[in-house]
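[1] Need a 3D model of the following:
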Amino acid sequence: MLEVRELDVTYGEVPALRQVSMTVGEGESVSVLGANGAGKSTLLRAISGLLRPRSGAITLDDSRLDQLPAYDIAALGIAHVPEGRRVLPEMTVEENLELGAYLPKPKARRKETLAWIYEIFPRLAERRLQHAGTLSGGEQQMLAVGRGLMLLPRILMLDEPSLGLAPIIVDATFDKIAEVRRQGIAILLVEQNVQRALGLTDRGYVLEQGRIVLQGTSRELLDNPHVKVAYLGM
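    Okay, here's the model as predicted:
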């Protein structure tokens, strides 16, 4: 469904991604792993149109994405939940969610999609009239994921969903992402918590200094000696 081919991205003259190639299939869950500064967030930003690649190609089915503006890429069914949640603090939970359904098709189904989001995240239903800025970090993360789902995406891209959360909230967050996965939505997950990410996804890629150095099934990566030493402390 989604294919990235030989992607190069730079910040000015500083290379951030070098010859990165990867795929995400229909309904598949894929993780992108690596340390801070490896290029994980840059990859998501390039896919969603927030960064223009220097070279390479990104395609969704037969549509070329790397020359499109971000709003056209969203309209094709790619939702990007950025690092740091980025909810609008002075708006209510429900208003934040409704903003995710701004395109014609999601807007027409907004009422039923809201009901679905509240079923997945009952805490958001309880807080629906509360300002987003007053929510806990975990609740804000649920809200950010819910807002992405309001787009009715084919692919949900999640950037560090566990960042800054207490361990018990991380468990709840990953449980909810697993529930989204069971709905048949493809997931592209950027996450530093390697064990949790590979426990959730079918396959993974390891980025180091802007290059993919390893790829394989989640089981293969969990058993890989380099992953064990570099990312699992074993």
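[2] For Ala132, grab phi and psi.
    Dihedral pair for Ala132: phi -60, psi -30, per degrees, to the nearest 10.
[3] buried ones in the helix or strand containing Asp175?
    With elements delineated by DSSP states H and E, Asp175 resides in helix 167-181, which encompasses its position. Neighbour-count burial for helix 167-181 flags 169-170, 172-174, 176-177, 180-181 (criterion: 16 or more other C-beta atoms under 10 Å). Every C-beta, even on glycine, is put in place using the N, C-alpha and C of the backbone.
[4] can you tell me which of the residues you listed lies nearest to Val24?
    When the buried residues of helix 167-181 are ranked by distance to Val24 (C-beta to C-beta), Arg181 comes first, at 12.4 Å.
[5] tell me the contacts of the closest one?
    Applying C-beta atoms under 8 Å, 6 or more residues apart in numbering, one finds that Arg181 lies in contact with 29, 187, 200.
[6] From Asp202, how far off is Ser31?
    Taking C-beta to C-beta, to the nearest Å as the measure, Ser31 falls 9 Å from Asp202.
[7] so what sits against both of these two?
    Ser218.
[8] Neighbour count for these two, which is higher?
    Ser31 (26 against 17; other C-beta atoms under 10 Å).
[9] tell me which of the contacts of Arg181 is nearest to Met150?
    For the contacts of Arg181, with Met150 as the reference and C-beta to C-beta as the criterion, the closest is Ile187, at 16.0 Å.
[10] isn't there a helix covering that closest one?
    No: under the criterion used here (DSSP: H, G, I helix; E, B strand; the rest coil), Ile187 is strand, not part of a helix.
[11] returning to what we had before: Serialize the buried residues of helix 167-181 to JSON lines and add fields for distance to Ala38.
    Formatted as JSON lines, the entries for the buried residues of helix 167-181 read as follows, by distance: C-beta to C-beta, whole Å:
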{"residue": "Ile169", "distance to Ala38": "25"}
{"residue": "Val170", "distance to Ala38": "20"}
{"residue": "Ala172", "distance to Ala38": "27"}
{"residue": "Thr173", "distance to Ala38": "22"}
{"residue": "Phe174", "distance to Ala38": "21"}
{"residue": "Lys176", "distance to Ala38": "26"}
{"residue": "Ile177", "distance to Ala38": "21"}
{"residue": "Val180", "distance to Ala38": "25"}
{"residue": "Arg181", "distance to Ala38": "24"}
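[12] picking that back up, which one of the contacts of Arg181 is nearest to Gly216?
    Ser29 (14.3 Å).
[13] May I have the beta-bridge partners of that closest one?
    Beta-bridge pairing of Ser29 under DSSP bridges involves Ile187.
[14] residues in contact with it?
    For Ser29, the contact set (C-beta under 8 Å, 6+ apart) comprises 181, 186-187, 189, 200-203.
[15] Most neighbours of all those, which one?
    When neighbours are counted as other C-beta under 10 Å, the busiest of those turns out to be Leu189, with 27 neighbours.
[16] Tell me the spacing between that one and Leu50.
    Shown here: Leu189 relative to Leu50, a distance of 18 Å by C-beta to C-beta.
[17] Check whether Leu124 sits in a helix, strand or coil.
    Assignment for Leu124 (three-state DSSP): helix.
[18] I'd like to know how many residues surround it.
    Burial measure for Leu124: 24 neighbouring residues, criterion other C-beta under 10 Å.
[19] Please tell me I have it right and it contacts Leu143.
    Yes: in terms of C-beta atoms under 8 Å, Leu124 counts as a neighbour of Leu143; the distance is 6.1 Å.
[20] between these two, what contacts are shared?
    Each of 93, 97 lies in contact with both Leu124 and Leu143 under the rule C-beta under 8 Å, 6+ apart.
[21] Cheers, nothing more for now.
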